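Student: Fold the stuff below for me.
(4 chains)
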Protein chains: 2
Amino acid sequence: MTHTSGAAEDYLKTIYAHTEWQSDLITPSALAVRLGVAPSSVTEMVKKLAASGLLTHVPYGPLALTDTGRLRATAVVRRHRLIETWLVGEMGYDWDQVHDEAEILEHSISDRLLAAINARLGFPAHDPHGDPIPSADGTVLRPPAVLLAEVTVGHTGTVLRISDRDPAVLRELAADLIGPGTEFTLAAALTIVLADGQSRQLTTAAAASIWVTV
Amino acid sequence: MTHTSGAAEDYLKTIYAHTEWQSDLITPSALAVRLGVAPSSVTEMVKKLAASGLLTHVPYGPLALTDTGRLRATAVVRRHRLIETWLVGEMGYDWDQVHDEAEILEHSISDRLLAAINARLGFPAHDPHGDPIPSADGTVLRPPAVLLAEVTVGHTGTVLRISDRDPAVLRELAADLIGPGTEFTLAAALTIVLADGQSRQLTTAAAASIWVTV
DNA sequence: GCTATGGTTTCGGCATGACTAAAACGGATG
DNA sequence: CATCCGTTTTAGTCATGCCGAAACCATAGC
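Tutor: Below you'll find the model as predicted:
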């Protein structure tokens, strides 16, 4: 219906992403920081998106996507994650190198091409970082997960997801062969032992980026 | 160096395309018609491109790409044609359906992804319409060819290329199983006989879109 | 040589999209 | 109830790309 430009898609995506792994609503100022724009820019775009029926916003309050807005947002996220999965699965990219390319292509790929990519990949449920790929109808299957940083020593589990917010963390973990599916025990704060008995020393930033089974 | 927006790339591509199969330079008015814009818009963009050193233009004269401009143009054409080849070769598109998708992606795909696609396809020399794919350094291998419409009755040869200007022609020829590589003899004006003895009645538009061996 | 004509350019302008700084504002907190 | 932080309004900027109308140039025809 409404066209939804590249920038608008980025706003929707960011608003959606904020609620994906934590449940509080995002405020205009937080959104401004995340997007690297001035607060007044957020107000302006929010006005447009609200006028298009994509989000609701009581003045001076937080932002909440409408059903339509959420669907639009998950569509962008779906494109992004399928593209990332494709780049890693078929095009020889490493998982720490796909973000920028996906960031661009997610705004220009057609539904048809996306469907073809999806079929070639065998309809994957997760992207290379372990993030769930929303289905075309907006459904997101997200397993219960906690941050490694918030788990008690002695906890045994499996890595479910690595946040792709910090590229340096991704490179570091890729070099350590830690990724979605890795089984571990938390031996001490910031120290994990893998299934093969090897141990790994993590940075604080890494522990705050790794989501694991409860 | 210079950024070269999507619109600028379309201008360069169109200027280049005009000289690819015929040798006269394009005039501003012809360019305006091809792009579907007003002549004054052409003048303006030409000014920018000339300022960026991508083309030369004596006032009231025709347009000619500089070496840099030609390289920039062939890069766009290369992206377009590799994407088309990929869509047909791996993604299940028919050759008459790829143009629009390529038109969009050609402006956003990265060099790295393009190289990966190129490698997967085995470094093809031609796209699905028979157009040569320029190499990364701008080299274009173009075989001698003539329009079917300009060939004398009795001529025997091979279809080299179908212009993708007119989608209706592409669909028509696809349905008739005529494409690059098809061998034929021109039995009468607008009538060709294929290698298996079957004959085909062509439209004028088709005959003016098919390039064949000399 | 001169004029008419058709293509080209200049000019003034518009629309869109996205962004900003500064000032005004509102609501919760102390 | 005053303060302060976050939000909104206001009033612009900047870039891109486009247009119509009027001025302009070069050349073909007389």
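Student: Which parts of chain A are helices?
Tutor: Ranges of helices in chain A, per DSSP state H, are A:6-20, A:28-35, A:39-51, A:67-90, A:99-105, A:111-120, A:167-175, A:204-207.
Student: Now do the same contact list for the residue lying closest to A:Leu71 once chain neighbours are set aside.
Tutor: If you skip the residues right next to it in sequence, A:Leu71 has A:Gly138 as its closest partner in space, 4.5 Å away by Cβ to Cβ, 6 or more residues apart in numbering or on different chains. Placement of C-beta: from N, CA and C, glycine included. Counting by Cβ atoms under 8 Å, 6 or more residues apart in numbering or on different chains, A:Gly138 makes contact with A:Arg70, A:Leu71, A:Thr74, A:Ala75.
Student: Select from these the one having the most neighbours.
Tutor: A:Thr74 (24 neighbours; other Cβ atoms under 10 Å in any protein chain shown).
Student: Would you mind listing the residues in contact with it?
Tutor: A:Tyr16, A:Pro134, A:Gly138, A:Val140.
Student: Would you confirm that the first one contacts A:Ala73?
Tutor: Looking back up the chat, that one is A:Tyr16. Yes - using Cβ atoms under 8 Å, A:Tyr16 is in contact with A:Ala73, at 3.6 Å.
Student: Among those two, which residue is more densely surrounded?
Tutor: A:Ala73 (26 against 22).
Student: Tell me the confidence at that one?
Tutor: Reported pLDDT at A:Ala73 in the predicted model: 97.
Student: again, but for A:Asp96
Tutor: Confidence score, pLDDT, at A:Asp96: 88.
Student: In space, what's closest to it - neighbours in sequence excluded?
Tutor: According to Cβ to Cβ, 6+ apart, the nearest residue to A:Asp96 is A:Leu170 (3.7 Å).
Student: Then A:Ala7?
Tutor: A:Met45 (7.1 Å).
Student: Distance-wise, check that neighbour relative to B:Tyr16.
Tutor: 38 Å (Cβ to Cβ, to the nearest Å).
Student: Same check on A:Asp96?
Tutor: 37 Å.
Student: Equivalent analysis for A:Ala75, please.
Tutor: Where B:Tyr16 is concerned, A:Ala75 sits at a distance of 35 Å (Cβ to Cβ).
Student: Kindly report the same for A:Trp211.
Tutor: 50 Å.
Student: what bits of chain A have low per-residue confidence?
Tutor: A:1-3 (pLDDT under 70).
Student: Can you name the residue of it nearest to DNA strand D?
Tutor: Residue nearest to DNA strand D within chain A: A:Ser29 (2.6 Å; Cβ to the nearest atom of the strand).
Student: give the contact list for that residue.
Tutor: Taking Cβ under 8 Å, 6+ apart, one finds A:Pro39, A:Val42 in contact with A:Ser29.
Student: what touches both of A:Tyr16 and A:Ala73?
Tutor: A:Leu65.
Student: Tell me who's in contact with A:Ala75.
Tutor: So A:Ala75 contacts A:Pro134, A:Ala136, A:Gly138 (Cβ under 8 Å, 6+ apart).
Student: Which of these fall within strands?
Tutor: With DSSP state E as the criterion, strands contain none of these.
Student: quick one: which of the residues you listed is nearest chain B?
Tutor: A:Ala136 (17.6 Å; Cβ to the nearest Cβ).
Student: my guess is the closest one meets A:Val77, correct?
Tutor: No - look at A:Ala136 against A:Val77 with Cβ under 8 Å: they stay out of range, at 11.9 Å.
Student: more neighbours, the two?
Tutor: A:Val77 (24 against 13).
Student: about what we covered before: is it possible to get a markdown table of the contacts of A:Ala75 that adds distance to A:Arg34?
Tutor: Shown next, in a markdown table, are the contacts of A:Ala75 (distance: Cβ to Cβ, whole Å):
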| residue | distance to A:Arg34 |
| --- | --- |
| A:Pro134 | 20 |
| A:Ala136 | 26 |
| A:Gly138 | 22 |
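Student: Please indicate which of the helices of chain A has the most neighbours on average?
Tutor: Counting by mean count of other Cβ atoms under 10 Å in any protein chain shown, helix A:67-90 has the highest mean neighbour count of the helices of chain A, with a mean of 22.
Student: can you give me the angle it makes with helix A:39-51?
Tutor: 110 degrees (axes from the mean of the first three to the mean of the last three Cα atoms, to 10 degrees).
Student: Helix A:67-90 vs DNA strand C: in contact?
Tutor: No - judged by Cβ under 7 Å from any atom of the strand, helix A:67-90 and DNA strand C are separated, with a smallest distance of 13.1 Å.
Student: quick one: that helix to chain centroid distance?
Tutor: Remark: helix A:67-90 is offset 10 Å from the chain centroid, using Cα atoms, centre = their mean, to the nearest Å.
Student: Report the angle between it and helix A:6-20.
Tutor: Using the same axes, to 10 degrees: helix A:67-90 against helix A:6-20 is 90 degrees.
Student: CA atoms only: put helix A:67-90 into PDB for me.
Tutor: The C-alpha trace of helix A:67-90 is given here as PDB (Å, rounded to 0.1, in the frame of the first residue of the first chain):
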ATOM      1  CA  ASP A  67       0.000  -5.000  13.300                       C
ATOM      2  CA  THR A  68       0.600  -3.600   9.800                       C
ATOM      3  CA  GLY A  69       3.800  -2.000  11.000                       C
ATOM      4  CA  ARG A  70       5.100  -5.100  12.600                       C
ATOM      5  CA  LEU A  71       4.400  -7.100   9.400                       C
ATOM      6  CA  ARG A  72       6.300  -4.500   7.400                       C
ATOM      7  CA  ALA A  73       9.200  -4.600   9.900                       C
ATOM      8  CA  THR A  74       9.400  -8.400  10.000                       C
ATOM      9  CA  ALA A  75       9.300  -8.400   6.200                       C
ATOM     10  CA  VAL A  76      12.500  -6.300   6.200                       C
ATOM     11  CA  VAL A  77      14.100  -8.400   8.900                       C
ATOM     12  CA  ARG A  78      13.100 -11.500   6.900                       C
ATOM     13  CA  ARG A  79      14.800 -10.200   3.800                       C
ATOM     14  CA  HIS A  80      17.900  -9.200   5.700                       C
ATOM     15  CA  ARG A  81      18.300 -12.600   7.400                       C
ATOM     16  CA  LEU A  82      17.500 -14.600   4.300                       C
ATOM     17  CA  ILE A  83      20.100 -12.600   2.400                       C
ATOM     18  CA  GLU A  84      22.700 -13.200   5.100                       C
ATOM     19  CA  THR A  85      22.000 -16.900   5.200                       C
ATOM     20  CA  TRP A  86      22.300 -17.000   1.400                       C
ATOM     21  CA  LEU A  87      25.600 -15.100   1.400                       C
ATOM     22  CA  VAL A  88      27.100 -17.500   3.900                       C
ATOM     23  CA  GLY A  89      25.500 -20.700   2.600                       C
ATOM     24  CA  GLU A  90      26.100 -20.200  -1.100                       C
END
